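Visitor: build me a structure from this.
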Amino acid sequence: MTEKVQYYVNLALPEISKSDSPWSRSLVMIDLARSLIRSEKSADLDRAVQLVLDAISISSGRPVISVQQRISEFVRDAIGRWGFTPEVRAVVDAAIVSGAS
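Guide: This next block holds a predicted model:
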C-alpha cells in the first residue's frame with residue numbers, strides 16, 4: 001500500500017512541518033522514504049535516502065528511540081532490496097554522526 005502511504009504523508013507533512021516537533025517530522029519523512037523503497041512500481045532509492053538524511057538532520061543531536069528504530073528499518077529494507085550501496089552507507093554514517101544509531 002505504498003501509494004496510499006505516500007498520498008497520506010503528502011497530505012499530513014505540511015501540517016506536521018508547522019508543528020514544533022522535529023521528531024514527528026523526522027518520523028513522517030522516514031515513513032515516506034520507506035514507502036519509496038518498498039514500492040513495486042516506482043521505487044526510488046535516491047529520493048528515499050535524501051528524505052532520510054533530511055530527517056536525520058532535523059532531529060540531529062536529539063534522537064529518540066522511535067526515530068532510531070525507523071532509520072534501522074529503512075536501512076534493513078534498503079539493504080534487502082539493493083544491498084549495502086553507497087547511498088545506504090551514507091544513511092548509516094549520518095545516523096552514527098547524529099547519534100541516531
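
Visitor: can you list the weak-confidence ranges in the chain?
Guide: 63, 100-101 (pLDDT under 70).

Visitor: nearest residue to the middle of it?
Guide: With distances taken as CA atoms, centre = their mean, Ile30 lies nearest the centre of the chain, 2.3 Å away.

Visitor: host element of it?
Guide: helix 22-38 (DSSP states H and E).

Visitor: tell me which other helices or strands that helix touches.
Guide: Using 3 or more CB pairs under 8 Å, 6 or more residues apart in numbering; DSSP states H and E, the elements in contact with helix 22-38 are helix 2-18, helix 45-58, helix 65-82. (Each C-beta comes from the backbone N, C-alpha and C, glycine too.)

Visitor: any chance of those helices in JSON lines, plus distance to Ala94 and mean neighbour count?
Guide: Shown next, in JSON lines, are the helices and strands packed on helix 22-38 (distance: least, CB to CB, whole Å; neighbours: other CB atoms under 10 Å):
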{"stretch": "helix 2-18", "distance to Ala94": "20", "mean neighbour count": "13"}
{"stretch": "helix 45-58", "distance to Ala94": "5", "mean neighbour count": "20"}
{"stretch": "helix 65-82", "distance to Ala94": "9", "mean neighbour count": "16"}
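
Visitor: okay if I get those helices as a markdown table plus distance to Leu36?
Guide: Shown next, in a markdown table, are those (distance: least, CB to CB, whole Å):
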| stretch | distance to Leu36 |
| --- | --- |
| helix 2-18 | 7 |
| helix 45-58 | 4 |
| helix 65-82 | 10 |
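
Visitor: for Ser35, find the nearest of those.
Guide: helix 2-18 (3.9 Å; CB to CB).

Visitor: now do the closest one against helix 45-58: the angle between them, please.
Guide: 30 degrees (axes from the mean of the first three to the mean of the last three CA atoms, to 10 degrees).

Visitor: this completes my enquiry, with thanks.
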